[in-house]
Each structure stands twice: as structure tokens, then as C-alpha cells.
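> Predicted coordinates and the sequence they were generated for:
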Amino acid sequence: MKRVRAKTKQKSKPKKAKAKKAFVAKRKREKRRGVRSLRGKYKHLDLMKGLVEARKEERKRERERIPPKSQKTKARANGRRVVREESPAYRVLHQHDLFESEKSNGQKLGYSPAYGMPAFTSFRSVTPGTNLSSLNLNWREVDLPEKERTKHVHRLHPYLGKFIPQLVEIFLRKFRPKVAYDPFAGSGTTLVEAKALGIDSIGCDVSAFNCLLMKVKTDVYDLRKLEREIRDILERLNKALTSSLFGEKASSIETESAYLKRWFHPNSLAELLLFRELLQEYEYTDVLKVVLSRSARSARLTTHFDLDFPKHPQTEPYYCYKHARTCEPTQDALQFLNRYALDTLDRIKELSRVARPNKTLILHDDARFARLPKFDLAITSPPYVGLIDYHEQHRYAYELLGLPFQAEQEIGAASKGHSIKAKKNYCNEIGEVFANVRRHLKPGGHVVIVVNDKNDLYDYVAQQTGFVVEQRLKRHVNRRTGRRSGDFFEEVLIWKAND
Ligand SMILES: C[S@@+](CC[C@H](N)C(=O)[O-])C[C@H]1O[C@@H](n2cnc3c(N)ncnc32)[C@H](O)[C@@H]1O
């Protein structure tokens, strides 16, 4: 009996151990499966891990880039000055961007104290009854993206110092004039917006190139014909430049202009001059002239990061701050002519879908003395003291197109400086422009001025020229580059004729 019992005991022991082992293995399997399914469910945690790692790496790289404080102090102690090299800011086409003003890192954080309430983006809803002071005009990039600000013909040609079309739209909808006038019409933002809203408009500018640009933006086209002409000139140009005749044909066109010879590679210049010769044979010559000018601007011997104010032609490869690599100055204008000709066609077509058959009058004149028809709203953004040379910024166009250069009549030109005398002259000349506006404004009419009035000049001008100030709206200007700190504000001044 005893032996039997012992036998059973011996038999059951390994069985139990086996069962226990199986049980533990099963639990382990289940646990593993559980973890696996958990991983599936919380995959993003894995992604987060990746992200955290990437951030750590980034921070490490950043630390390595910036010299530790101790090194700086050491260098100073040795009597050497530590100069941290900084790449120049890549400037954007907006004159208001060029102002620096004190404080805050609003741009870095993507907001400013002014962005307290949601930005106003429902432009169509503005009516004469809209209370302007209730609108938040502090648009950030997300509220009013570049694509919207440069819709259709608003990006037909670069222009330094434009105002935002949506700002014009709001005031045209609010005051709903029969005729709107812009004494400093520039690239024609006011005229284009007026056309889109079914309002007649008048634009005056002292710069011949700006008048050409305005005309092309607001003209009425036979779109099929325009397309035929654009495709035809491109075909002829490309054929001529790729055929064996190229050498003879293109290089046979000469220019006297020392400026053109200096600022363009001979190959680019030959292509531009050939296009200039061909464009004279078409009906829509002015459109082709704008294509030529835009292409010439891109084909100049400049660095990619300084297309606005290049001082010297760039003939050698250079380190490009915009693309963070070595770039070479272009030797080819054909790529730009092809691209911009088709882009221009698309943009004109896009505007034609919304434009109304209203009249547009363009005056190439000095706004101080221009003889004008009557209007009931003036809306404008004036030049600032000593900031931009409006003729000079399109010098290549004046040279290529043989336009009259009347820079001396420009108010506040950069070449006239910021001296007290320059400021006094500016004040008088701006006064003359608004006195002329006042003479032609219908009774009860309004004036809207978008300006950075840091010298509080405009209230005085209003009083002197027969207006009462109805409102001054402050607006934060979003600087798109994000490379310059400091907030910049501009104002929208609303005046009424002092009847
Ligand atoms: C700030 S820009 C206007 C830009 C315009 N709001 C736009 O969106 O394109 C100022 C314009 O005033 C023009 N200007 C300067 N002096 C002038 C004058 N005496 N008469 C007429 N226009 C003048 C310049 O040629 C320039 O185009």
C-alpha cells in the first residue's frame, strides 16, 4: 500500500509542475498579446516617442550651433568682441514691413496682443451699416493666407509697397461709392477691387510703369485672342532660340543701355531683347510688356534673397540665405518668359470671372495737380518719407520698355532722405494731394487712408485741407518673414469732407 501511495505521489509532482509551467507560459503569451494590441491601439505613443527623440536631437543641434555663454564671456575678457554672424532678413514685398518698431516677440509666438478676438474674414458681409470699429483687422497668416492676398491679378508683377486687397474691399463695401479714387494708385489694388465689386474707379500715379501695370490688370480682354497671342509668341520665341539660327537671330539685337548690359548675363539679355522685338507685333502688347518686365526682374544678376534692393550685379556663385545653399546667378530668361506668360494668362482669366464691366480711368500724373472727374470716396496708401524709390524699384522695366523716368516728382522718395527738410516737404506735398482730393470730392464724401502715421501728421493735414477725422483704426501688420522681431502697427484713417 505504502509503495503504491509513494508511486502516485511521484507521478503527480511532475504533472503539477508541468501544468504550472503551461499556465505561466499561457499568461505570458496573453500578456504579450495584450501589449501588442495595446500598441496597436496607442500607436501614436510610438510616434510621440519618435517625435520626442527628434526634438531632443533638434535641441542638441541647436545647442551646438549657439556658442555656450562661458565662451562669449571668456572672449570678452580677452578684450575681443564677440560678433555673432547673422544672415540678412529675407525681405517681403510690403512697404509696411520695412518699419521696425519697439518691443514684443508677437511674430515669433504667432500672435500679438492685438489678436485678442477672432480676425474678421467674412468680407462679403460688410454693408454700409457695418460698424467699422467692431471689426478686427489684425490678420495673421492663418486668417488671411498669402494665396488670398495675392489672388488673381494682384500677383501679376512684384511691387514693393502694396496694401492688402481685403482691406480695400471692406471700405468699398462699407462706403459703396459710385466712383472711387486712388491718388497713389501704385500697382492698382484699389482699381482691381473696385472692378470686382462693380464700382467705377480712377487711379493716379506719377510712375509710368505703375500705370502700365494698372492698365493691364483692369483692361477688358478677348480671352481667346489673348491666349492665342501668348501661345504664339512663346512658340516663336522658343523656336528661334533653339534653332540653329539662334546665334544670328538673338545676338543680332543690340541695346545701347549700359544698365541692361551690366545687370543681365548676355544670354538672358539676348532672350529678353528678342521677346521685346516680337511683342510689338501683337494686339495685347501691354500684357506682353508686363510679362517681359516680370521676367527681366527675375533674370537680373542678383542674389535670390535681395531682389528688391540689389546694389551690385552678382556675377559669381554665392551663399544663398533664402535656399540655404550655394546658388548661381541666372544666365537664362527664357524659363521665366515661358512661365510668367502662362501665369499672366491664368491670372487675367481668373479676374475676368469676377470682374464687372465698370469703367476704370488711369491717370499718369502728379496727384497734387491732376484734373479729376468727381468721385465720392478716395481710398489710398500714400508713400512714406524716405522709404522707397518707386521708379528705381522697376528700373529694369524703364530701361527695357523705354518709359519716361519722372522720379523727381515722387513724394517721399528714399533718395530725398529723412532730413527735417525732407519731412517738411513731404508734409506740404501730401497736403497738396489731399487738397486736390478735397476739390474733386462730392459733398458728404469720405477719404480712407492706410498709413503708419508715427509723426501724427495726418490729423493736421485733414484739418488744413477741409476734412474732419471720423475714425482712426489701428491694425497690427503681420510680418510674414518671421525673421524680424517687434510688432508693427498701421492705421486706417477715415475722414469726411467738412461741408
Ligand atoms: C504706397 S504706394 C501705393 C501702393 C498701392 N496702394 C498699391 O496697392 O499698389 C505709393 C505710390 O505713390 C506714387 N507716388 C509718389 N508720388 C506721387 C505723386 N506726386 N503723384 C502720384 N503718385 C505718386 C508712387 O509711385 C507709388 O506708386
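Received, thanks.

> Could I get the full set of strands for this protein?
For the chain, strands defined by DSSP state E occupy the ranges 179-182, 200-205, 318-320, 325-327, 360-364, 375-380, 441-451, 467-477, 488-497.

> can you pull the buried residues of the fifth one?
Of the residues in strand 360-364, those scored as buried under the neighbour-count criterion (16 or more other Cβ atoms under 10 Å) are 360-364. Heads up, the C-betas are built off the backbone N, CA and C, glycines and all.

> Just the residues contacting stretch 231-239, thanks.
Identification of contacts with stretch 231-239 by Cβ atoms under 8 Å, 6 or more residues apart in numbering yields 271, 274-275, 278-279, 282, 288, 334, 337-338, 341-342.

> Which of those fall within helices?
Of these, the ones assigned to helices by DSSP state H are 271, 274-275, 278-279, 288, 334, 337-338, 341-342.

> ok, of those residues, which come out buried?
When these are checked for burial by 16+ other Cβ under 10 Å, the buried set is 271, 274-275, 278-279, 288, 334, 337, 341.

> quick revisit: between the ones in helices among the contacts of stretch 231-239, which sits nearest residue 240?
Nearest to residue 240 among those, counting by Cβ to Cβ, is residue 274 at 6.3 Å.

> per-residue pLDDT, that closest one?
Predicted confidence (pLDDT) for residue 274: 95.

> The chain - how does it break down into domains?
Domains of the chain are assigned by automatic domain parsing as 1-32, 42-71+84-149, 155-213+357-391+403-497, 223-345.

> Is there proximity between the longest one and the ligand?
Think domain 155-213+357-391+403-497. Yes - Domain 155-213+357-391+403-497 lies within reach of the ligand by Cβ under 6 Å from any ligand atom, at 159, 161-163, 184, 186-187, 189, 204-207, 210, 366-368, 381, 383, 390, 409-411.

> how close does residue 352 sit to residue 394?
Counting by Cβ to Cβ, to the nearest Å, the gap from residue 352 to residue 394 is 25 Å.

> neighbour-wise, which of those two wins?
Legend: neighbour count by other Cβ atoms under 10 Å for residue 352 and residue 394, higher for residue 394 (26 against 14).

> And for the closest residue to that one other than its chain neighbours, the neighbour number?
Among residues not flanking residue 394 along the chain, residue 209 sits closest, at 4.6 Å (Cβ to Cβ, 6 or more residues apart in numbering). By the measure other Cβ under 10 Å, the count of residues near residue 209 is 27.

> do the same with residue 442
So residue 442, with other Cβ under 10 Å, has 15 neighbours.

> ok, it touching residue 377?
No - assessed by Cβ atoms under 8 Å, residue 442 is found out of contact with residue 377, at 9.0 Å.

> how far away is residue 191 from residue 154?
Between residue 191 and residue 154 the computed distance is 11 Å (Cβ to Cβ).

> on that earlier part again, which of the buried ones among the ones in helices among the contacts of stretch 231-239 come close to the ligand?
Counting by Cβ under 6 Å from any ligand atom, nothing from those sits close to the ligand.

> Tabulate the buried residues of strand 360-364 (TSV), appending pLDDT.
Compiled in TSV, the buried residues of strand 360-364 are given as follows (pLDDT from 0 to 100):
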residue	pLDDT
360	97
361	98
362	98
363	98
364	98
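
> from these, which two are the most distant?
Pairwise distances across the buried residues of strand 360-364 peak at 13.6 Å for 360 and 364 (criterion: Cβ to Cβ).

> Common neighbours of the two, please.
With contacts defined as Cβ under 8 Å, 6+ apart, no residue is shared by residue 360 and residue 364.

> what stretches of this structure score poorly on pLDDT?
1-13, 33-55, 58-59, 61-116, 244-251, 479-486 (pLDDT under 70).

> Looking at residue 191 and residue 154, which is more packed in?
Comparing residue 191 with residue 154 by other Cβ under 10 Å, the one with more neighbours is residue 191, at 28 against 21.

> my guess is that one meets residue 358, correct?
No - if you go by Cβ under 8 Å, residue 191 and residue 358 don't touch, sitting 9.7 Å apart.

> Between those two, which contacts overlap?
Each of residue 201 lies in contact with both residue 191 and residue 358 under the rule Cβ under 8 Å, 6+ apart.

> Quick check: chain neighbours aside, which residue is closest to the residue in the chain that the ligand sits nearest to?
Relative to the ligand, the nearest point of the chain is residue 186 (2.6 Å; Cβ to the nearest ligand atom). Leaving aside its chain neighbours, residue 186 sits nearest to residue 210 (5.5 Å; criterion: Cβ to Cβ, 6+ apart).

> residue contacts, that neighbour?
When contacts are counted by Cβ under 8 Å, 6+ apart, residue 210 touches 159, 185-188, 390, 394.

> redo that, cut-off 7 Å
By Cβ atoms under 7 Å, 6 or more residues apart in numbering, the residues touching residue 210 are 185-187.

> Sort out which of the residues you listed are buried, if you could.
Buried residues within the contacts of residue 210, counting neighbours by 16+ other Cβ under 10 Å: 185-187.
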